[in-house]
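[1] structure for the following, please:
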Amino acid sequence: MKLTFQLADPAGNLTLLVRTPVPREQYQDLAGRLLAIRELKAQQVGFLVPPQGPGCIRLEMMGGEFCGNALRSAGLFYAADQGIRRARKFPVEISGCDEPLTVQVNPLTSQVTAEMPIPREIVKHDLFGTPARVVRLPGIVHAVSQKREDVGEEEVRAALKELAADFDSPAAGVMFWQSRAGTMRPAVYVRDTDSLYFEGSCASGSTAVAACHALGAGRDGVHKLDLRQPGGTIQTTAAVRSGRLESITIGGTVTLGPVYEVEF
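    I've put the predicted structure just below:
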């Protein structure tokens with residue numbers, strides 16, 4: 001099989017967008033093969049498919065999970081594919097989320113902002129022996145921890161595998177957030193591919209941190225938070241009304257790299 005795919009770079013979270021139609025049952029195998037190409041340094045794979053609803057484009061992630069950075073990448077891909085040169089908004093469908101989400105793309109500045117789903121719940125949780133918050137989003141669950149990043153890879157894998165099972169989620173992450181420094185290091189585990197990546201950035205994880213930050217402020221209003229991550233910065237905005245989250249957006253730079261063809 002010959003695969004055509006495009007490299008996208010949303011704040012260092014290198015993503016492969018597969019343009020060749022692929023049967024769903026082959027997603028895991030092909031994603032594993034693509035991620036094994038070390039020269040690409042990719043962290044995740046999504047498959048472009050026809051929209052199922054009112055979206056302009058749809059992206060199915062390798063494990064059926066939700067990914068905000070892949071959502072932004074698909075939005076920029078659609079704009080480039082359609083020859084859009086000015087700032088535009090359009091609905092994008094992505095796995096793990098029942099409704100399309102609005103993505104705003106400015107091709108001139110490579111700035112891409114996406115509407116994010118509101119967390120279904122936020123609960124207290126003990127992780128690595130310290131208090132954390134677990135934020136459940138459609139298609140993924142994240143633990144927000146302010147523990148220092150001195151946790152080993154296998155310990156992280158075991159904790160996230162258990163977290164995904166406990167919340168019956170296709171993917172689970174931990175966001176090591178240092179609130180005073182304004183930094184965050186994400187790690188994400190995908191259940192179906194049994195893969196763990198310490199990602200360059202994580203948009204859904206940034207959403208989880210933004211939600212905790214906004215609700216923790218204890219007041220209504222618009223709460224902005226920039227999160228510096230290993231691969232770049234993601235800008236978040238969370239609106240709170242009557243003590244409840246009303247909306248969350250994430251944004252920042254996304255660039256499209258080369259188009260590749262490989263044959264397996």
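[2] tell me which other helices or strands whichever strand or helix holds Val112 touches.
    When elements are assigned from DSSP states H and E, Val112 belongs to strand 111-116. Helices and strands in packing contact with strand 111-116 are listed as helix 68-81, strand 101-106, helix 203-216, strand 244-263; criterion 3 or more CB pairs under 8 Å, 6 or more residues apart in numbering; DSSP states H and E. C-beta coordinates here come from the backbone N, C-alpha and C atoms, glycine included.
[3] what lines up beside the shortest one in the sheet?
    Paired strands of strand 101-106, with direction, are strand 88-94 (antiparallel), strand 111-116 (antiparallel) (DSSP bridges).
[4] again with the longest one
    For strand 244-263, the paired strands and their directions (DSSP bridges) read strand 2-10 (antiparallel), strand 111-116 (antiparallel), strand 232-241 (antiparallel).
[5] residues making contact with the longest one?
    It stands for strand 232-241. 11-12, 200-201, 203, 206-207, 209-211, 213-215, 217, 219-227, 245-253 (CB atoms under 8 Å, 6 or more residues apart in numbering).
[6] one more pass at 6 Å, please.
    Counting contacts by CB atoms under 6 Å, 6 or more residues apart in numbering, the residues outside strand 232-241 that touch it are 11-12, 201, 206, 210, 214, 220, 222-227, 246-252.
[7] buried subset of those residues as a ChimeraX selection?
    What follows is the ChimeraX syntax selecting those of these that are buried according to 16 or more other CB atoms under 10 Å:
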select :11,12,201,206,210,214,223,225,227,248,249,250,251,252
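[8] hang on, the earlier thing: and among the strands paired with strand 244-263, the most buried is which?
    For the strands paired with strand 244-263, ranked by mean neighbour count under the definition mean count of other CB atoms under 10 Å, the leader is strand 111-116 at a mean of 24.
[9] distance between that one and the chain's centre?
    The chain centre lies 11 Å from the centre of strand 111-116; the measure is CA atoms, centre = their mean, to the nearest Å.
[10] test my guess that Ala164 contacts Thr193.
    No: in terms of CB atoms under 6 Å, Ala164 does not count as a neighbour of Thr193; the distance is 11.7 Å.
[11] shared neighbours of the two, anything?
    Common neighbours of Ala164 and Thr193 (CB under 6 Å, 6+ apart) do not exist.
[12] need the strands paired with strand 244-263 in CSV with mean pLDDT and distance to Phe128, can you?
    CSV is the format used below for those (pLDDT from 0 to 100; distance: least, CB to CB, whole Å):
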stretch, mean pLDDT, distance to Phe128
strand 2-10, 97, 27
strand 111-116, 98, 26
strand 232-241, 98, 23
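[13] could you dump these into CSV and include distance to Gly63?
    As requested, the strands paired with strand 244-263 are exported to CSV (distance: least, CB to CB, whole Å):
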stretch, distance to Gly63
strand 2-10, 17
strand 111-116, 19
strand 232-241, 22
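[14] list just the one of these that sits closest to Gln52.
    Of all these, strand 111-116 sits nearest to Gln52, with 18.2 Å by CB to CB.
[15] would you mind getting the angle between that closest one and helix 68-81?
    For strand 111-116 against helix 68-81, the angle between stretch directions is 130 degrees (axes from the mean of the first three to the mean of the last three CA atoms, to 10 degrees).
[16] tell me the secondary structure for Gly12?
    State at Gly12, reduced to three classes by DSSP: H, G, I helix; E, B strand; the rest coil: coil.
[17] quick one on the thing from earlier: buried residues in whatever helix or strand comes next after the strand holding Val112, which are they?
    Note on strand 111-116: by DSSP H and E, the next helix or strand toward the C-terminus is strand 121-127. For strand 121-127, a neighbour-count test (16+ other CB under 10 Å) marks 122, 125, 127 as buried.
[18] centre of the chain to strand 121-127, how far?
    For strand 121-127, the distance from its own C-alpha centre to the chain's C-alpha centre is 20 Å (CA atoms, centre = their mean).
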